[in-house]
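J.: I need the structure of the sequence given here:
(one chain, ligands or ions: 1)
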Amino acid sequence: MGTTERGANSRTLLEVDDLTAAYDDTPVLTGINFRVHEGETVAILGPNGHGKTTALRAISGLHAKKGGRVSFDGEEISKESSHRIVARGLIHVPQGDLLFGDMTVLENLLLGAYLPKAWRERKERLEKVWSIFGRIHERRNELARNLSGGERRMVAIARGLMADVKLIMIDEPSLGLAPVAIDNLYSALAKLNAVGLTTLIVEESPERVSGIAEFVYLLDSGSITFAGKADELIRDRVMLRTYLG
Ligand SMILES: Nc1ncnc2c1ncn2[C@@H]1O[C@H](COP(=O)(O)OP(=O)(O)OP(=O)(O)O)[C@@H](O)[C@H]1O
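T.: The predicted structure follows:
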């Protein structure tokens, strides 16, 4: 189990070494390396189409890896099924909402607690979810299809928190939301860290995550081209112009 300069006292929860992935013969990830330590909020940033979603899908077993090694909580998971990876507590909230529109908010959340331990603890977990996403507590008996885009995004993330989560990976939570909805969502995401959760967020720009991410990686054309603080990346005008336009 390794540590790096940024988290000398915390365990490494997710280790990704030389991960490669492709669609048929087209390479998308050309060997990426990164770490997430227990209790951290980390972001993977980068322009659209450069491999961020593919990286999350490869880690969570939804897309076949070509090569490399992924370890979670001290054990290699490179070859495991997505079902087994979820059971280990590595939860992936994909892009978009993927809610069941004709079910209530509460029913959607309970779907996230489908494994036996999570089901037994569902009441406590709901209390935790309400403490983070107060807005959806007010809307708990509403059909999901009647929610705003920002509320739907909150429910999708909250559903992930109903599982036995050790690390939650959230793919572009701000996608398609109005600025005020993004602000509300990010205020809630800041609380994930406060309740001790470990979070990996994928976003396009460093400004979005600078308030909550302790460490960021820039993914460009399938490679990590920057690793450091979000503020350093924001100050690095050349890097920003080159990669994020
Ligand atoms: N199912 C697929 N089949 C073939 N190519 C794909 C598929 N999904 C993604 N790609 C290609 O793989 C590359 C990386 O896509 P990916 O979705 O991982 O990027 P991204 O950085 O997450 O961008 P976005 O935010 O737009 O999803 C892109 O060139 C994309 O066109």
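J.: only C-alpha atoms for contact and neighbour calcs from this point on.
T.: Fine.
J.: so how far is whichever strand or helix holds residue 83 off the chain centroid?
T.: Secondary structure from DSSP states H and E places residue 83 in helix 82-87. Centroid displacement of helix 82-87 relative to its chain, using Cα atoms, centre = their mean, to the nearest Å, is 15 Å.
J.: Sheet partners, orientation included, of the following helix or strand past that helix?
T.: Counting by DSSP H and E, the element after helix 82-87 in chain order, helix or strand, is strand 90-93. The pairing partners recorded for strand 90-93 under DSSP bridges are strand 167-171 (parallel).
J.: can you list the residues that contact the first helix or strand past the strand it pairs with going along the chain?
T.: Sequence order places helix 179-194 as the next helix or strand after strand 167-171, per DSSP H and E. Judged by Cα atoms under 8 Å, 6 or more residues apart in numbering, the contacts made with helix 179-194 from elsewhere in the structure are 39-41, 132-133, 149-150, 153-154, 174, 198-199, 211-212.
J.: Does anything pack onto whichever helix or strand comes after helix 179-194? Which helices or strands?
T.: Sequence order places strand 198-203 as the next helix or strand after helix 179-194, per DSSP H and E. Applying 3 or more Cα pairs under 8 Å, 6 or more residues apart in numbering; DSSP states H and E, we find strand 198-203 packed against strand 26-37, strand 41-45, strand 167-171, helix 179-194.
J.: Taking strand 26-37 as reference, get the angle to the third one.
T.: For strand 167-171 against strand 26-37, the angle between stretch directions is 140 degrees (axes from the mean of the first three to the mean of the last three Cα atoms, to 10 degrees).
J.: The second one now?
T.: Relative orientation of strand 41-45 versus strand 26-37 (the same axes, to 10 degrees): 160 degrees.
J.: Just checking the distance from strand 41-45 to the centre of its chain.
T.: For strand 41-45, the distance to the chain centre is 8 Å (Cα atoms, centre = their mean).
J.: pLDDT (mean, whole number) over that strand?
T.: Strand 41-45 shows a mean pLDDT of 95.
J.: related to what we said a few turns ago, can you list the helices and strands packed on strand 198-203 in a markdown table and add mean neighbour count and distance to the ligand?
T.: Formatted as a markdown table, the helices and strands packed on strand 198-203 follow (neighbours: other Cα atoms under 10 Å; distance: least, Cα to the nearest ligand atom, whole Å):
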| stretch | mean neighbour count | distance to the ligand |
| --- | --- | --- |
| strand 26-37 | 19 | 5 |
| strand 41-45 | 27 | 8 |
| strand 167-171 | 24 | 8 |
| helix 179-194 | 16 | 16 |
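J.: mind listing what residue 15 touches?
T.: 33-36, 69-72 are the contacts of residue 15 under Cα under 8 Å, 6+ apart.
J.: Please identify the residues of this structure in proximity to the ligand?
T.: Contacts of the chain with the ligand, taken as Cα under 6 Å from any ligand atom, map to 23, 28, 47-54.
J.: Could you tell me which of those belong to strands?
T.: Using DSSP state E, 23, 28 are the members of these that sit in strands.
J.: Please indicate which of the residues of the chain next to the ligand are buried?
T.: 28, 47, 50-54 (16 or more other Cα atoms under 10 Å).
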